[in-house]
Each structure stands twice: as C-alpha cells, then as structure tokens.
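Participant: Got a predicted structure plus its sequence, pasted below:
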Amino acid sequence: MAVNTRTEYALRVLLELSQSDMLSAAKICEAQQLPKKYIEHLLAMLKNAGIVSSTAGSQGGYSLAKGPDQISFLDLLNAVGDRSYDTSCEIDSPRHCIGKACNLTNYFSELNDKIKEVFRTYSLADIKQTWKGENNETR
C-alpha cells in the first residue's frame, strides 16, 4: 500500500501532538517542515473526526482529543478520506471489475474487511514507539 501525502502528513501531525500538551499549527509545521495551509486543512479534518481538539487564543493550539492508544491507523485513514487501501467492489462503479456483480465481489469485500482489521489494530501509541527522528533517535 502506498501511503498518500495526506495520510503521511496527518500521521506526522499526530506524532508531534503526541509529544506535547498543545501545539500551534505553525510549531507543528516548523518541527516537521510541512506547508502550513495544508496542515491547517488536515487539522480541520482531524478535528471534525474527533481525533484532535483546538483551543483559540494566543495560548491556544491543537492537542489530541483522545489518548494515542485510542487512535487507530484506520481512524486516521478515515479522517483524511484515504481509501487507497480499499479493495471492495462496488456494483455499478467503474472503479473495479466490469461494472456489475462478478464472482470476485465477495473475495474483495472479505479482503477489504481483513485489511481494515489490521489497520484498526495499530494505534498511534504503537506507531509512536517506532517513530524515528532526523538523527535516527527515537523521539
């Protein structure tokens, strides 16, 4: 599975937030060398999904809305609308198959369910344990 930019950047944002009580979008962007407008858009998506919360004002910023162990990789994928992993067939969709029910529909649906279950088992806390900084030191 190729991870798209939205997912990678959102994961990097969440990892930064997992290191602090509250961070501004500017601080996250500075730490991760990410474009601010794009990150602000991702933060809004993560907030709408209930993964991050925000506080307004000069001392405000963003924080995780739940503990890192309660945020799954699947939650992140859903929050940013990344369905690149989805193998399920949709009847009448040009995305897969021949546009009608076929013998592979059940197989691809079952495969998709298994992939989702794997992604559900990885939490932000799990990912954080293997996260390496620029100097190859665990943060």
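Facilitator: Ah, there it is. Numbering: from 1, shown residues only.
Participant: Which positions within the helix or strand containing residue 30 qualify as buried?
Facilitator: Taking DSSP states H and E as the criterion, residue 30 maps to helix 25-32. Under the neighbour-count criterion of 16 or more other C-beta atoms under 10 Å, helix 25-32 has 25, 28, 29, 31 buried. Backbone N, C-alpha and C define where each C-beta goes, glycine included.
Participant: And the strands in this structure, which stretches?
Facilitator: 52-55, 61-64 (DSSP state E).
Participant: winner for burial among the ones you listed?
Facilitator: Among the strands of the chain, strand 61-64 has the highest mean neighbour count (mean count of other C-beta atoms under 10 Å), at a mean of 20.
Participant: Which secondary structure elements does the least confident helix or strand in the chain by mean pLDDT sit against?
Facilitator: Among the helices and strands of the chain, helix 105-121 carries the lowest confidence by mean pLDDT, DSSP states H and E, at a mean of 91. Under the contact criterion of 3 or more C-beta pairs under 8 Å, 6 or more residues apart in numbering; DSSP states H and E, helix 105-121 touches helix 73-79.
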